[in-house]
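> Next comes the sequence, and after it the predicted model I'd like to discuss.
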Amino acid sequence: METNRFDLVVVGAGLSGLTAAASAARHNLKVALVATGPGSFVLGPGWLKAEDMARGSTAPDLREAIAFFCEMTQLAGCSFAGGIDAARFLPTVLGDFQRVALAPISLWKSAPRDGSSTAIVGVSGLSTFDENFMAERLNERARAIGSICTYEGRKISLSRNRGIPVTTLHVAASFDRDPDFRAELMDALRLAASGFSRILVPGMLGLRSSDQQIAQFEQELGCSIGEMPTLPPSVPGLRIFYRLQSHLRQIGVELFSGFPVQKLELHKDDCLHLHVASPGHALILRGECVLLATGQYSSDLLGDACAGYDEQMRPITSAGSLMAQNPFVAGSLLPGSAEGNGDAMEILTGYRAGNFAASKRGHYAAR
Amino acid sequence: MQQDDFAIDNCLKCSLCNTVCPVLGVHPQYPGPKRLGPELERMRREGIRTDTEWVEYCLGCHRCDLVCPNQVEVSQMIAHAKAEHRKPLVRGVRDWWFARPGLIGLLATILPYLSNFALALKPVRFLMSKIMRIEPRHKFPKYSRPNLRTPVNVSTKRPGILLFPGCFIRYNRPELGRTVIKLLELNGFATEVAASECCGVPAIANGDAALARALVRSNVKAMAHQVNSGMRIVTACSSCGHMLKTGFGGLLDEDKAFAEEVKKIAANTFDLAELLVQQLDAGSLNTNFQPSSLKLAYHAPCHQKSQGIGRPWYHLLCQIPGMAIVDLDSGCCGMSGTYGFKQEKYDVSMAIGHDLFESIHAAQPQMVTTECATCQLQIEHGTSAKTIHPAEVMLQAYGEHRCN
């Protein structure tokens, strides 16, 4: 079996690419994932809006795809709560609420709870997170959505960040590595939480921390704690990316990170060569199937000949014939998604692409 | 990708580079690659003086480059800042030497036994720490008399290989060089050793751009003829490989006479494992391996990842029947060539390696294997686990003894 020959080569590590790689690997396909950076999902809050989910709900297989996504994130230690029919109002840093269908557990817990008193805890030196502004706005907005709860701003300072500007990335990195820092953070939060039924903090509880580690922190803190997404890049979104990446590696997906695919060789038969722009000379990967999940902002690998896609997400020419048998397209490259079918569609088309690749399984599958 | 004024606008300030920087993870005051790379570069191009000592803390691991969604060459920008940074005298003198492992090697191997004896003496290391700010807790690699000649007796039609040995193989571990040559011979390749100098990575890392340029010129001259005659360059050191493949860090891009040769060298340079995996995939790898019951842990060096070639050593070692390999995948070791030897950076270096050391303890391998010489030093220093080059593992699996 050739080292750089795969049943499926996925290009792009956004939501659709990650889901496709996992779903194909579940079918025991030999999968490669080629990516430059983590895609745009991590730049958003890390949750799926309810309206997104509703827009995708006409697809018969959305439920199955979301169930798969939830299972995948759970195995990766970054579980999502909610679901296709769920909707919760989650607070944003702008002091508003967004209706969300699916979110990482730590964000899902930030929803208003009737009868609760919540401390919004800021960190001194951390810009773009104003706990008092948020508390004031959320008190007002909570009434508007019919929730009976109160918010108050609190601020903590952390000694190791004294005198330097803090970012949530700094805090999260220290949270991951430094037990002394976690202890200090916990003491400060405990103090800020006194008199409240729960606290909300900016998303900063580790870039690579698992559900279990966050739950343990909460247990030791002795108070319910939720995270709020901050300005990009948001820590909860990054956490999902890093944890999914290690999960994929664990289930045998070969990751090629850092260099873009510069060329796609289309052949009439069922084999495609991808040229990865590694330094010096291109790295050639071969795929029985290839999935392009590069998003709208990457270079166009299919070129002008591609005029659209068939129902199996395969590129077709203006004459309506297939460009080749085995490339697929997923995520926001697909038409229609530009209007904002969004993250639910990313998951759905990624999941479908993984299954299509499995149904076309080549003779390199045996491992 | 390209060194032009537009490339700087590719930085969207998304901060993804900051999320993977090993230094930023352990040092809360460190400004991070976004600030030290594109942001300072922007000011420098406007002629604004922006010298900061923090640039000295960049490892040159290239992880920021790899995660950038827009292919901004962050670490190259930090290297420019390093080259302009002015150091205090003592550190300047120390780094002058650290930029020249070839010269150190040349001097130390005049009387290698004496050098090794002296460098291992506690009082000598104490003095070096006081006078030169060199960390006394880190052991120096042992020096050996250069000897890369080995009887090659293959009749083969395959185009020849030009081994770029690098300073470590040339001055510290010539037996590793002979191991590589033997490995290539067992796979039907005839090998010549390049009359090359240091690849220039230590010079860039220590802020000596002029020296790096001189070394690159001399290396291009030393190898251009063979490459033009169809030979492929092979490296067994991931940092040398990184340097050759990236067109020597773009150092000679301005120099038209050299730019073409540099490109040709980049296109014809292969990591040893990359070459052998190509043989494997073509069905022509010698797979007469003897079964082994070894349990190994593999660490992929940063400069292996920055070559964008996948995990060739991991896949090659997996071909050896019975051998168990754990891919540690635990980030940077923190050594970064001479960085871990610098007294003021030792703690940062060890803190970065902490995750890797922990996963080695958890994996409980009989040995660790990694292709980078200074990763080997750091792993042995941080864990006491015996650490060898994967080429040595492979040669042993062929039933050949190491080339002592």
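Alright, I've got the coordinates.
> Show me the shaky parts of chain A.
A:160-164, A:268-271, A:299, A:336-341, A:362-367 (pLDDT under 70).
> Report back the residue of it that's furthest from centre.
A:Ala319 (36.7 Å; Cα atoms, centre = their mean).
> Check the gap between that residue and A:Pro335 for me.
18 Å (Cβ to Cβ, to the nearest Å). C-beta here means a position set from N, CA and C on the backbone, and glycine is covered the same way.
> Distance-wise, check the residue farthest from the centre of chain A relative to A:Val290.
22 Å.
> Kindly indicate whether A:Arg208 is helix, strand or coil.
Put simply, A:Arg208 is coil when judged by DSSP: H, G, I helix; E, B strand; the rest coil.
> That one and chain B: what is the separation?
As judged by Cβ to the nearest Cβ, to the nearest Å, A:Arg208 and chain B stand 10 Å apart.
> just checking, that residue touches A:Arg243?
Yes: counting by Cβ atoms under 8 Å, A:Arg243 is a contact partner of A:Arg208 at 6.8 Å.
> on that earlier part again, pretty sure the residue farthest from the centre of chain A is in a strand, no?
No: applying three-state DSSP, one finds A:Ala319 to be coil, outside a strand.
> how far away is it from A:Cys306?
Distance check for A:Ala319 against A:Cys306: by Cβ to Cβ, it reads 12 Å.
> just the helices in chain A please.
Counting by DSSP state H, chain A has helices at residues A:15-26, A:50-56, A:62-75, A:105-108, A:131-144, A:168-177, A:179-193, A:211-221, A:235-250, A:342-359.
> helices and strands around the shortest one, which ones?
Helix A:105-108 is packed against strand A:80-82, strand A:88-91, helix A:211-221, strand A:224-228, with contacts defined by 3 or more Cβ pairs under 8 Å, 6 or more residues apart in numbering or on different chains; DSSP states H and E.
> The longest one too?
In terms of contacts (3+ Cβ pairs under 8 Å, 6+ apart), helix A:342-359 is packed against strand A:5-11, helix A:15-26, strand A:48-49, helix A:50-56, helix A:62-75, strand A:283-292, strand A:327-329.
> Which among the ones you listed is found nearest to B:Cys58?
strand A:283-292 (26.2 Å; Cβ to Cβ).
> The closest one vs chain B: in contact?
Yes: with Cβ under 8 Å from any Cβ of the partner chain as the criterion, chain B is reached by strand A:283-292 at A:Leu283.
> between that strand and strand A:5-11, how big is the angle?
60 degrees (axes from the mean of the first three to the mean of the last three Cα atoms, to 10 degrees).
> Just the angle for strand A:283-292 relative to helix A:342-359, thanks.
120 degrees.
> Quick check: which element contains the residue most central in space within chain B?
Centroid-nearest residue in chain B: B:Ser239, 2.3 Å away (criterion: Cα atoms, centre = their mean). Element membership of B:Ser239, judged by DSSP states H and E, is helix B:238-245.
> what's the distance between that helix and the middle of its chain?
7 Å (Cα atoms, centre = their mean, to the nearest Å).
> Now whatever residue of the stretch 51-200 of chain A ends up closest to chain B. Nearest residue, chain neighbours left out?
Nearest residue of the stretch 51-200 of chain A to chain B, counting by Cβ to the nearest Cβ: A:Ala173, 4.5 Å away. Nearest residue to A:Ala173, sequence neighbours excluded (Cβ to Cβ, 6 or more residues apart in numbering or on different chains): B:Gly25, at 4.5 Å.
> so that neighbour is in which element?
helix B:22-26.
> any idea of the mean pLDDT for that helix?
The average pLDDT for helix B:22-26 rounds to 91.
> Quick check: what element follows it along the chain?
helix B:33-34.
> CA-only coordinates of the helix or strand following that next one in PDB, if you can.
The first helix or strand that comes after helix B:33-34 along the chain, using DSSP H and E, is helix B:40-45. Taking Å, rounded to 0.1, in the frame of the first residue of the first chain, the C-alpha atoms of helix B:40-45 are listed here in PDB:
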ATOM      1  CA  LEU B  40       7.400  44.900  13.500                       C
ATOM      2  CA  GLU B  41       8.100  44.200   9.900                       C
ATOM      3  CA  ARG B  42       5.500  46.700   8.900                       C
ATOM      4  CA  MET B  43       7.200  49.300  11.000                       C
ATOM      5  CA  ARG B  44      10.700  48.400   9.800                       C
ATOM      6  CA  ARG B  45       9.600  48.800   6.200                       C
END
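> Could you give me the buried positions within helix B:40-45?
In terms of neighbour count (16 or more other Cβ atoms under 10 Å in any protein chain shown), helix B:40-45 has its buried residues at B:40-41, B:44.
> For chain A, state which of those residues is nearest.
Of the buried residues of helix B:40-45, the one sitting nearest to chain A (Cβ to the nearest Cβ) turns out to be B:Leu40, at 16.2 Å.
> The spatially closest residue to the closest one that is not a sequence neighbour: neighbouring residues, count only.
Leaving out its chain neighbours, the residue that sits closest to B:Leu40 by Cβ to Cβ, 6+ apart is B:Thr50, at 4.8 Å. Look at B:Thr50: counted by other Cβ atoms under 10 Å in any protein chain shown, it has 16 neighbours.
> before we move on, what about B:Gly334?
Neighbours around B:Gly334, by other Cβ under 10 Å: 29.
> Which phi and psi values does it adopt?
B:Gly334 adopts backbone torsions of phi 90, psi -10, taken as degrees, to the nearest 10.
> Please name the nearest non-neighbouring residue to it.
B:Ile352 (3.2 Å).
> Mind giving me the packing neighbours of the host helix or strand of that neighbour?
For B:Ile352, the element it lies in under DSSP H and E is helix B:346-363. Using 3+ Cβ pairs under 8 Å, 6+ apart, the elements in contact with helix B:346-363 are helix A:168-177, helix B:22-26, strand B:295-298, helix B:373-383.
> repeat that for 10 Å
Applying 3 or more Cβ pairs under 10 Å, 6 or more residues apart in numbering or on different chains; DSSP states H and E, we find helix B:346-363 packed against helix A:168-177, helix B:22-26, strand B:295-298, strand B:324-327, helix B:373-383.
> which of the residues in it are buried?
Result for helix B:346-363 [16+ other Cβ under 10 Å]: buried residues B:346, B:348-357, B:359-360, B:363.
> Stretch B:178-195 now?
For stretch B:178-195, by 16+ other Cβ under 10 Å, it's B:178-187, B:189-191, B:193-194.
> Same question for stretch B:313-321.
For stretch B:313-321, using 16+ other Cβ under 10 Å, the buried residues are B:313-317, B:319-320.
> Just the ones of those in helices?
Using DSSP H, these in helices are B:313-317.
> These into CSV, with extra columns for pLDDT and distance to chain A?
Listed next are those as CSV, based on pLDDT from 0 to 100; distance: Cβ to the nearest Cβ, whole Å:
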residue, pLDDT, distance to chain A
B:Trp313, 97, 11
B:Tyr314, 96, 10
B:His315, 96, 5
B:Leu316, 96, 9
B:Leu317, 97, 12
